[in-house]
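# here is a sequence with its predicted model. Questions after.
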Amino acid sequence: MADLSVNICGIKSPNPFWLASAPPTNTGEQVMRGFDAGWGGAVWKTLGEPIVNVDSRFGAIDYSGTKVIGFNNIELITDRPLDANFKEIYEVKKRYPDNVVIASLMVETKEEWQEIIKRSVDAGADGLELNFGCPHGMCERGMGSAVAEEPKVLAEITSWAKEFSNVPVFVKLSPNVMDIRDPGLAAVSGGCDGISLINTIKSIIGVDLDTLVPKPSVGRESTNGGYCGPAIKPIALHMLAVLGRDPKINVPISGIGGISTWQDAAEFIALGATTIQVCTAVMHYGYRIVDDMIDGFNNYLDNKGMHSANELIGKAIPGFVEWGELDLNYDIIAKIDEDKCIGCGLCYVACLDGAHQCIHTRKGPCNAWHGDPDHGFGPRTEVMPPVWHNGGEPAMNHVPFVDEKECIGCNLCMLVCPVPDCINMVEVSHSGGKESWKDRTTNGSS
Ligand SMILES: Cc1cc2nc3c(=O)[nH]c(=O)nc-3n(C[C@H](O)[C@H](O)[C@H](O)COP(=O)(O)O)c2cc1C
Ligand code: SF4
Ligand code: SF4
C-alpha cells in the first residue's frame, strides 16, 4: 500500500483528500463526522461577519438522466456566530490532532483581518485560506471575487495576512478572471504559502419557464450564483495546470472543482495539486465517498509502482504544452470492431455531419438484438445508408466501416459510440519525426 500522507506548506495531512469550505464544513459536528469517514482535512465554512442567507439558494443541472452534473449556489459565508465557530474549531483540533483544519476567512478592513486571524490561530487552525473567490453577494460588498479581480488589492491583503499569521496562508482564487495567472502571481507576490483553486464560476443555472424567473428563485427574483460540480472539472484542471507549470508560481496548490472520484483526484494531483478539496460531490453523496477515493487511489498508485502520493504530484505537467508545440506529424485513424458493433449508426451520422464524411456502411451481421436470431446475416458488400432499427420491423443490417485514407483521426466517432472499445483510435506509422507548428514557422516551411 502506498503512503497517502502529504505535506503541504509544512502542514501534514494523513491523505490528500480535504473537504472544501462549504456546507459540509459548516459545524464542528460535521467536520468530525467527515474525519471519521476518512477525510484528511477540512477547510472550514468561510468565517467573517455572519450574514443573512436567502431561500432558496441552490440550483442544479441534470443531464440525460444523470442528476446534478452541475450545481449552483447563491449562499454566502457563515451565518453562525464567530464565537461558536472558533469554539468548535478548538474542539475539533483537540479531538483530531492529526487531521488538518484550515480556517477560511473573508473580512474587509485591515483591523478585521488582524482580529479574525488572531482568533483563528488561537483556536488551533493549522492554516488559513483567504477566500477571494465567492462570486455572489460578498463581491457586492467589496470582498470575495471582487478582490480576485484586483491583483494589487489581493497582494496587499495577502501581505497583511502573512504579517498577522504564524500559520501557513493559502489564497483561494476565483475563476472569474481573464487570466488566472494575474491573481496567482499577485498571491505569490503578497507572500502566500499556498494557493487553492478554484472557487465557483459566475453563472445563471436556468430559467423557470412557467414563472419566467431565473433559478434558484427567491420569490419572484433571482441573482447570479456560483457554478460547481462535475461540469466545472475541465475548467479547474486547466487553471490548475496553467499555474502548476508556471515557474513563478513556486508554492504548493490545493486543487478544487468537480472532483467526485479517485480518478478525478488523481488527475488534479498529476496536474500539480498536493491536496484536493471536494464540495458538491459530498453534498450529493455524503462524506462516505472518501472511502472509494482512498481505496481507488491506493490501488492506482500500487499499479503504477508508486510508493507515495507525492510521486504523482505534477507528473502530467510536462505533457501540457502550447498548441504550437504539438506534433503535426502524429497520425491516428479510427478502427471499428465489427464484432462489438450494434449497428446504431451514431458514428456514421457524427462523421457525416460533424467530421470528415469517411464512415460508410455495408451489409453485414448485426449484433443488436431484435427478437429475430436469424435476421441480418448477409454478404458485406453493398454500400448503403444506415437503417435505424425500430420496434417490430425486420431490422436491416448495416455495418459501418472507415475509409482510412480519409479519416482525420478526430476521435468523434469513438466519443459518440455507445459500445465500450468498439471504436479505437490507432496510430499510423510514418517516417517523419516530430514537427510542430513552431518548428515549421521557425524553419520557414509553413
Ligand atoms: C453551497 C456552497 C457554498 C459554498 N461556500 C463557500 C464558502 O463559504 N467559502 C468558500 O471558499 N467556498 C465556498 N464554496 C465553494 C467550494 O468550496 C468549492 O470551491 C466549489 O464548490 C468547487 O468545488 P466542487 O466542484 O467540489 O463543488 C461553496 C460552494 C457551494 C456549492
Ligand atoms: S475519427 Fe473522425 S474523421 Fe475519422 S472516422 Fe471517426 S469521425 Fe470520421
Ligand atoms: S457508433 Fe459504435 S455501435 Fe454504433 S454503429 Fe458505430 S461502431 Fe457500431
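It's in. What you see is a predicted model; the values in this text were computed from it and never measured. Ligands and ions are numbered 1, 2, ... in the order given.

# sec struct for the residue nearest the centre of the chain, please.
Averaging the C-alpha coordinates of the chain gives a centre point, and the residue nearest to it by CA atoms, centre = their mean is Lys233 (2.2 Å). Applying DSSP: H, G, I helix; E, B strand; the rest coil to Lys233 yields a three-state assignment of helix.

# quick check: it touching Ile256?
No. In terms of CB atoms under 8 Å, Lys233 does not count as a neighbour of Ile256; the distance is 10.0 Å. All C-beta spots, glycine's among them, are computed from the backbone N, C-alpha and C.

# which pLDDT value belongs to Phe170?
On pLDDT, Phe170 comes in at 98.

# what's near enough to touch it?
For Phe170, the residues meeting the contact criterion (CB atoms under 8 Å, 6 or more residues apart in numbering) are 9, 102, 127-130, 192-196, 254.

# and if we set it to 6 Å?
With contacts defined as CB atoms under 6 Å, 6 or more residues apart in numbering, the neighbours of Phe170 are 129, 194, 196.

# ok so, going back, any idea how far the residue lying closest to the residue nearest to the centre of the chain once chain neighbours are set aside is from Pro234?
Closest residue to Lys233 in three dimensions, ignoring its sequence neighbours and counting by CB to CB, 6 or more residues apart in numbering: Gly258, at 3.0 Å. Here Gly258 is placed at a distance of 8 Å from Pro234 (CB to CB, to the nearest Å).

# more neighbours, these two?
Neighbours of Gly258 and Pro234, each counted by other CB atoms under 10 Å, are more numerous for Gly258; the result is 25 against 11.

# which residue does the stretch 51-200 of the chain bring closest to ligand 3?
When you check the stretch 51-200 of the chain against ligand 3 by CB to the nearest ligand atom, the closest residue turns out to be Ser64, at 16.5 Å.

# what is the neighbour count of that residue?
Ser64 is surrounded by 5 other residues when neighbours are defined as other CB under 10 Å.

# what's it sitting at in phi/psi?
phi 50, psi 50 (degrees, to the nearest 10).

# distance check, it against Ser159.
If you measure Ser64 against Ser159 using CB to CB, the figure is 48 Å.

# likewise Val321?
34 Å.

# my guess is Lys335 is in a strand, correct?
Yes. Following the definition three-state DSSP, Lys335 is counted among the residues of a strand.

# just the helices in the stretch 301-446 of the chain please.
Remark: helices assigned in the stretch 301-446 of the chain by DSSP state H, counting those that start in this stretch are 346-354, 412-416, 437-443.

# er, the stretch 1-150 of the chain I mean
28-37, 82-95, 110-123, 145-148.

# pull out the buried positions in the third one.
Neighbour-count burial for helix 110-123 flags 113-114, 116-117, 119-121, 123 (criterion: 16 or more other CB atoms under 10 Å).

# OK, now which residue of the stretch 201-350 of the chain is nearest to ligand 2?
Closest to ligand 2 within the stretch 201-350 of the chain is Ala334: 3.9 Å, counting by CB to the nearest ligand atom.

# please name the bridge partners of that residue.
With beta bridges defined as DSSP bridges, Ala334 has these partners: Met425.

# what separates it from ligand 3, distance-wise?
Computed with CB to the nearest ligand atom, to the nearest Å, the distance linking Ala334 and ligand 3 is 9 Å.

# ok, now which ones touch that residue?
Remark: with contacts taken as CB under 6 Å, 6+ apart, Ala334 is in contact with 402, 407, 413, 423, 425.

# ok, and the closest non-adjacent residue to the second one?
Distances taken as CB to CB, 6+ apart put Ile333 closest to Cys407, at 4.3 Å, once the chain neighbours are dropped.

# shouldn't that neighbour be in contact with Glu406?
No. Taking CB atoms under 6 Å as the contact criterion, Ile333 and Glu406 are not neighbours in contact, 9.3 Å apart.

# okay, these two: which has more neighbours?
In terms of neighbours (other CB under 10 Å), Ile333 is the more surrounded of Ile333 and Glu406; the figures are 18 against 14.

# how much space between that one and ligand 3?
14 Å.

# any weak-confidence spans in the protein?
For the chain, applying pLDDT under 70 flags the ranges 137-139, 141, 364-397, 444-446.

# mind checking the longest strand of it?
In the chain, ranked by residue count with DSSP state E as the criterion, the top strand is strand 66-73.

# is any part of it close to ligand 1?
Yes. Contact of strand 66-73 with ligand 1 (CB under 6 Å from any ligand atom) involves 71, 73.

# give the buried residues for that strand.
By neighbour count on 16+ other CB under 10 Å, the buried set for strand 66-73 is 68-73.

# cool, thanks, talk later.
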